[in-house]
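Engineer: Please work out how this folds:
(2 chains)
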There are 2 protein chains.
Amino acid sequence: MDFKVNSKELENLLSKIYPAIPTKTPMSILEYFYFELSEGVLNVYGTDLEISLKASISVSAEGNFKGLIQAKRLYELIRSFRETTVYFQIEYDHTLYLATDKGKYKFVYLDTDDYPEIPSFPSANSEEEIKEVIINGDELKYSLEKTSFAISKEEIRPAMMGMLFEFEPEGLRFVATDGHRLINLLDKNVKHNFEEQYVVPERAISVLTKLLDEKDVKIYLNKTHVSFKLSDIELISRLIGYKYPEYKNVIPLENEFTLKVNREELNEAIRRMLLFSVSETRKIKFSLMKNEMEISAEDIDTGASANESMECEFDGEPMDIGLNAAFLSDVLNHLAPEEEVIFKINSPTKAIILLPTKGKENFDLLMLVMPVRLNA
Amino acid sequence: MDFKVNSKELENLLSKIYPAIPTKTPMSILEYFYFELSEGVLNVYGTDLEISLKASISVSAEGNFKGLIQAKRLYELIRSFRETTVYFQIEYDHTLYLATDKGKYKFVYLDTDDYPEIPSFPSANSEEEIKEVIINGDELKYSLEKTSFAISKEEIRPAMMGMLFEFEPEGLRFVATDGHRLINLLDKNVKHNFEEQYVVPERAISVLTKLLDEKDVKIYLNKTHVSFKLSDIELISRLIGYKYPEYKNVIPLENEFTLKVNREELNEAIRRMLLFSVSETRKIKFSLMKNEMEISAEDIDTGASANESMECEFDGEPMDIGLNAAFLSDVLNHLAPEEEVIFKINSPTKAIILLPTKGKENFDLLMLVMPVRLNA
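Structural biologist: Have a look, this model is predicted:
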């Protein structure tokens, strides 16, 4: 059977699926695109067993086809073409020819029998309970970008290697934490009629963030998987099966003191202190006074040290607090473009809350960092 | 003693020296800048024992100073400042304070006694014979960029890990080879009155290339070192002490057949064939005919293969030649912006010469690639 397709349209399609193809895998079948041609629609799938991507385009075709084609070789080849028509000619002996006006390229395709099954949403099994939510793509992107940097990379706590999606009466809450900092963002624009927690793996979050645009996204959820249906592509991810930690216990309710500072000015000072901190702990010290704060660091190994002063507004008694400069700088970066930020502080040993002064309408954003001991 | 300096001027100075500071070294003293302040001039040096960089600026100073300061920490600190005045305050107990309007930074400096000696040009030792040449910076940059990519990375042949600078009656010749390809470029604009060969290490070439601009460069050479004096910085490199191979024997004098093709079109085809070649050999085949050539590749492991045809002008009998696609593509890239290139060919087993069709005035450029056996 034969079909033909514009090279740039095919490139665009393959470029969307390619992020699901694993670069190193003991299962070599995952290094292939799944091609399924039916009724003039070419569906292409890719999966690394954790996430799957599906997209399709219309092509000029005679007949149907199912087969696996080497992903890297095909994608690189199609990408290398200037805009042209690509003719696919599929033989029954597992040979597939691509032809352009310049040349001819032979691939050996595999049968699809051994390819892992990819879940479908909404499911063919009508017994299964599936939740459905619609969310704006730009808003979802905003939430993921503000939150995902704090997802843990440590395999020892598997639930924290994902982002919590918590559907609650007020909206959809996103939570990420690695034990040193915690991001908690409530999107009040999301309408739904159920209460449930889901943990989405980091890889799904990072691939999804790159795919999102201003269009609406349909989210389908069952007990084991989530599907994000965008206008031109579907991302399906398995959910992390472990219960997310009771993060609410970590967020202090009564942090009575308020510190208000210029975000970028503080961040620049912290990055300089990082150069003088001990590399294992990244410890720096905040010395807070009413209208001025001092930030300092000391590298005991080399005898180097540094301190800077800057203006602030602080309504508590003078206090010294130890902080991890790298974690704090990360948090301040993700509070951009806020000009000023607010620290809610209780004592040098309690979790510290950072809040935007302006924020985004209908979004409640709270970032939290744990202090470090000064005399350790 | 004290001195002060504009932060951006100091940043500019340090950024030039920093490339000589090794990132990983068992000799921790090399991770320091050598600061030498004398008569209101601040000289800064850095070295990795192979190359050394020296530059200076004027500062407002009282007194003299010599000391070693941690390079990474100082450079990152100075870089992080917005434009401001930096005050240096040097104490006798090896403590050095930097102060700005925002903060104060303490370094521990080391004595310079253990720092390796950096050669000076022209030498204080008047006995020593030193060659001196002047070359335009842009022209030198052109020569290095055309040639350096072919320098060998294999330690087994140490002379080929550098670029040959051959002063000969017609001008200055640059040669680089890794045994698979050879670049030979003669700059006829260079005037000198001696004949000599020098081998300059790859690292010196790559650092120098980034420093060069349109201004003239003074080159000093003795038996062991070369100095490139630019308007605002000096690069000194040790020379490679091994004799450069007799490269002239490799260049065939009588390659009678000429192949003329479009460079970019050929290069695109070769990059596609690379996708279908065996990754160990990168072997592709040229099948040459009078007005048409076919380029093909075959990956025997997966059964994939490809071929393309393109127009050409060839004045020999039809012939098949095996080539390494990766090496050939590299060579074609470095023949940019030539629209067409010429291959001078003798037989499928002899070295193949590539020439630009236009070239640059007063520069003779020749690139050479070795064929690979087709039936291996």
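Engineer: What's opposite A:Asp299 in the beta bridge?
Structural biologist: Applying DSSP bridges to A:Asp299 gives these bridge partners: A:Ala304.
Engineer: What number of residues are in the vicinity of it?
Structural biologist: 19 (other Cβ atoms under 10 Å in any protein chain shown). In short, each C-beta sits where N, CA and C put it, glycine included.
Engineer: roughly how far apart are A:Pro337 and A:Glu256?
Structural biologist: Relative to A:Glu256, A:Pro337 is positioned 28 Å away (Cβ to Cβ, to the nearest Å).
Engineer: neighbour-wise, which of the two wins?
Structural biologist: A:Glu256 (11 against 8).
Engineer: Which residue, other than its chain neighbours, is closest to the more buried one?
Structural biologist: Leaving aside its chain neighbours, A:Glu256 sits nearest to A:Asn346 (6.4 Å; criterion: Cβ to Cβ, 6 or more residues apart in numbering or on different chains).
Engineer: after the helix or strand bottoming out on mean pLDDT in chain A comes which helix or strand?
Structural biologist: None of the helices or strands of chain A scores lower by mean pLDDT, DSSP states H and E than strand A:60-62, at a mean of 88. Next in sequence after strand A:60-62, counting helices and strands by DSSP states H and E, comes strand A:65-70.
Engineer: Name the residues of stretch A:39-46 that come out as buried.
Structural biologist: A:42-46 (16 or more other Cβ atoms under 10 Å in any protein chain shown).
Engineer: Could you report the neighbour count for A:Lys54?
Structural biologist: Under the criterion other Cβ under 10 Å, the count of neighbours that A:Lys54 has is 22.
Engineer: same question, A:Asp315
Structural biologist: Quick note: A:Asp315 (other Cβ under 10 Å) scores 11 neighbours.
Engineer: List the contacts of it.
Structural biologist: A:257-258, A:290 (Cβ atoms under 8 Å, 6 or more residues apart in numbering or on different chains).
Engineer: Which of the residues you listed fall within helices?
Structural biologist: Using DSSP state H, no member of these falls within helices.
Engineer: Nearest to chain B among these?
Structural biologist: A:Lys290 (19.3 Å; Cβ to the nearest Cβ).
Engineer: That closest one touches A:Glu311, doesn't it?
Structural biologist: No: assessed by Cβ atoms under 8 Å, A:Lys290 is found out of contact with A:Glu311, at 10.6 Å.
Engineer: Tell me if I am right that A:Phe33 is in a strand.
Structural biologist: Yes: the assignment for A:Phe33, made by DSSP: H, G, I helix; E, B strand; the rest coil, places it in a strand.
Engineer: Work out for me the element the residue of the stretch 201-350 of chain A found nearest chain B sits within.
Structural biologist: In the stretch 201-350 of chain A, the residue that lies nearest chain B is A:Glu308 (3.1 Å; Cβ to the nearest Cβ). With secondary structure defined by DSSP H and E, A:Glu308 is part of strand A:304-311.
Engineer: List the contacts of the next helix or strand after that strand.
Structural biologist: Using DSSP H and E, the helix or strand that follows strand A:304-311 in sequence is strand A:313-314. Defining contact as Cβ under 8 Å, 6+ apart, one finds that strand A:313-314 is touched by A:257-261, A:288-291, A:293.
Engineer: between the residues you listed, which has the most around it?
Structural biologist: A:Met293 (24 neighbours).
Engineer: Return the set of buried residues in the strand or helix carrying it.
Structural biologist: In this structure, A:Met293 is located in strand A:292-299 according to DSSP H and E. For strand A:292-299, a neighbour-count test (16+ other Cβ under 10 Å) marks A:293-299 as buried.
Engineer: what sits opposite the closest residue to chain B within the stretch 1-150 of chain A in the beta ladder?
Structural biologist: Nearest residue of the stretch 1-150 of chain A to chain B (Cβ to the nearest Cβ) works out as A:Gly103 at 3.1 Å. With DSSP bridges applied, A:Gly103 shows beta-bridge pairing to B:Glu308.
Engineer: Near it, how many other residues are there?
Structural biologist: Count around A:Gly103 with other Cβ under 10 Å applied: 20.
Engineer: from memory it sits against B:Ser309, does it?
Structural biologist: Yes: using Cβ under 8 Å, A:Gly103 makes contact with B:Ser309 at a distance of 6.8 Å.
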